[in-house]
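Peer 1: coords please:
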Amino acid sequence: MPTATDYIRILPEIVLSVWGMIIMFIEPILPAGRSRKGLGIFAAVGAIAAIAATIYQARPEFAGSGFNGMLRVDHFSVFFHLVVLLVTLATILMSLDYLPFQKIDRGEYYALILLGAVGMCLMSSAVELVLIFIALEISSISSYILAGFRRHAAESAESSLKYFLLGSFATAFFLYGVALLYGATGSTNVFDIARTLGTSPHIEPLAYVAVALIFTGLGFKVACAPFHVWTPDVYEGAPSPVVAFMSTAPKAASFAVLIRLVIDTASPHWFWVIWTAAVLSMCVGNLGAILQSNVKRMLAYSSIAHAGYLMVAFASASNRELGISAAMFYSAAYAAMNVGAFAIITQMAGAGERYSQIDDYSGLGKRSPVLAAALTFFLLSLIGIPITGGFFAKFYVFSAALRTHLIWLTVIGVANSGMGSYYYLRLIVRMYMFEPRTEEPAPRVRLGMGLAISICLIATLWLGVLPNVVLHYTQGAPTIFFTR
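Peer 2: Got it, this is the predicted structure:
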């Protein structure tokens, strides 16, 4: 029988599920023409309650395994819970005025955000492959629906369909890999699998195939090359707040699974697979972004490049403490600056999201100095300029690579980072050195959007000015993480 402590170990997921179900019950009984903004505020309160539950869950007496070893609460899971939940909160806040403006004001949107977050939180704490699969599907199904939420726009329907079809294939790869790994090791528990693969003098070829299939499935979720082809089209067609959500929260959760599973069980044997994925992602992402004229597609390719930078930390896994700490810090920094950038894009999109070209940002520094300054700060962080979270994120990743003697991978990463600065700076130049294409003032920033942008600005600046607070926490995670 599950104990009270077991339920506390899934308390954030319980809170999110209850809030999501309440919204689904209330939505049908509201009058057809009534605003659903109240449901959005209620959802934001639910996200805050889940953050509070995570902080309560972090108390030492609740650390350990729950539900017969199916999940584990530790520094690692708490960290990724907070990343996912803060992204969820920011997404809900920026959606409060976006949905009515785009004429898609539906209460189920907020329920899908919360229920999707349930799956992502479970992914970060699960240590049983079957539970990881279930959590992955909970997250994915909500993302498929949210990607097509602008139902009157053909590109949004196309986005959802492509994401669903390719995502289904990726899920099949993952599940088949789980089945093969069970056949090779006799277990679906991450720790038992790691022990079997670590102590067996002869690892079955079946285990290599299994981990490759699992890596393929998760590689799709994090949009690393060569599993990235869906990213630009899906990001372009999906609603901008949804892109902010699915470009960060599912990635953070999937990287958590990769750290728990792939690095611990396979890094000595799959080093070159991770190395190749890192190089391909950085090169394909940055080269693709340079060629884009649409801001959402540019940031889609940028996200592929950033997945490559994170893979550099994975390749440094021979020094587990450094590699995992760098990957965790990078996940948090990328979530803050990317959600912030998409918040500005959401604000600027206009009805039908027709203002999404780089040229549409011409003269933004004159039309709205505050929005232009905020977007510039986020773009500088994505480049990796000092006093931003992006600077220390890249610094720790490349430092970990250098300390593990991955010289060429570091050189390729730094060169790609320099290449990436071109397309970010191109947008900044458009905002400050070109005349506005229209004399209309930028849309007024309302309270919800202002709070979302502020959360991202504070987080990005804090990670750039006081990174040691988070870094010390992440460095404590590997010690607990690798102890059953």
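Peer 1: Every contact and neighbour count from this point should use C-alpha atoms.
Peer 2: Fine.
Peer 1: so residue 115 makes contact with residue 18?
Peer 2: No. At 9.3 Å, residue 115 does not count as touching residue 18 under the criterion of C-alpha atoms under 8 Å.
Peer 1: And the two? Which one has more around it.
Peer 2: Each of residue 115 and residue 18 had its neighbours counted (other C-alpha atoms under 10 Å), and the higher figure belongs to residue 115 (23 against 15).
Peer 1: what's the helix or strand containing that one packed up against?
Peer 2: With elements taken from DSSP states H and E, the one containing residue 115 is helix 108-125. Contacts defined by 3 or more C-alpha pairs under 8 Å, 6 or more residues apart in numbering; DSSP states H and E place helix 108-125 against helix 11-26, helix 37-57, strand 71-73, helix 75-101, helix 129-147, helix 249-258.
Peer 1: To residue 336, which of the ones you listed lies closest?
Peer 2: In this view, the helices and strands packed on helix 108-125 are compared for proximity to residue 336 by C-alpha to C-alpha, and helix 75-101 is the closest at 7.7 Å.
Peer 1: Quick one: mean pLDDT over the closest one.
Peer 2: Confidence over helix 75-101, taken as the mean pLDDT, stands at 92.
Peer 1: Now it: buried residues?
Peer 2: Buried residues in helix 75-101, counting neighbours by 16 or more other C-alpha atoms under 10 Å, are found at 75-99.
Peer 1: Over to stretch 408-426?
Peer 2: Across stretch 408-426, burial judged by 16+ other C-alpha under 10 Å covers 409, 410, 413, 414, 416, 417, 419, 420, 421, 423, 424.
Peer 1: Now for residue 245: which residues touch it?
Peer 2: If a contact means C-alpha atoms under 8 Å, 6 or more residues apart in numbering, then residue 245 has 87, 88, 91, 339 as its contacts.
Peer 1: Send over the helix or strand hosting it as CSV, restricted to the C-alpha atoms.
Peer 2: Take DSSP H and E as the rule and residue 245 turns out to sit in helix 240-246. Output for helix 240-246, consisting of C-alpha atoms alone and laid out as CSV, is shown next (Å, rounded to 0.1, in the frame of the first residue of the first chain):
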residue,chain,number,x,y,z
SER,A,240,3.5,31.5,-29.9
PRO,A,241,2.9,30.8,-26.2
VAL,A,242,2.6,27.1,-27.0
VAL,A,243,6.0,27.3,-28.8
ALA,A,244,7.5,29.0,-25.7
PHE,A,245,6.1,26.1,-23.6
MET,A,246,7.0,23.1,-25.8
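Peer 1: now the angle from the helix or strand encompassing residue 300 to helix 249-258?
Peer 2: Secondary-structure element containing residue 300, defined by DSSP H and E: helix 295-315. With axes from the mean of the first three to the mean of the last three C-alpha atoms, to 10 degrees as the criterion, the two stretches helix 295-315 and helix 249-258 enclose an angle of 10 degrees.
Peer 1: any idea how far helix 295-315 is from the chain center?
Peer 2: 11 Å (C-alpha atoms, centre = their mean, to the nearest Å).
Peer 1: got the helices and strands packed on helix 108-125 as TSV, with distance to residue 383 columns?
Peer 2: As requested, the helices and strands packed on helix 108-125 are exported to TSV (distance: least, C-alpha to C-alpha, whole Å):
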stretch	distance to residue 383
helix 11-26	34
helix 37-57	29
strand 71-73	34
helix 75-101	21
helix 129-147	27
helix 249-258	19
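Peer 1: Of all these, which one is nearest residue 329?
Peer 2: That would be helix 75-101 among the helices and strands packed on helix 108-125, by C-alpha to C-alpha, at 9.6 Å.
Peer 1: which secondary structure elements does the closest one contact?
Peer 2: helix 37-57, helix 108-125, helix 240-246, helix 249-258, helix 320-348, helix 447-465, helix 467-481.
Peer 1: try 10 Å
Peer 2: In this structure, helix 75-101 makes packing contacts with helix 11-26, helix 37-57, helix 108-125, helix 240-246, helix 249-258, helix 320-348, helix 447-465, helix 467-481, judged by 3 or more C-alpha pairs under 10 Å, 6 or more residues apart in numbering; DSSP states H and E.
Peer 1: Now the element after the lowest-mean-pLDDT helix or strand in the chain, going C-ward?
Peer 2: Taking mean pLDDT, DSSP states H and E as the measure, helix 264-266 is the helix or strand of the chain with the lowest mean score, a mean of 55. Sequence-wise, the next helix or strand downstream of helix 264-266 (DSSP H and E) is helix 271-290.
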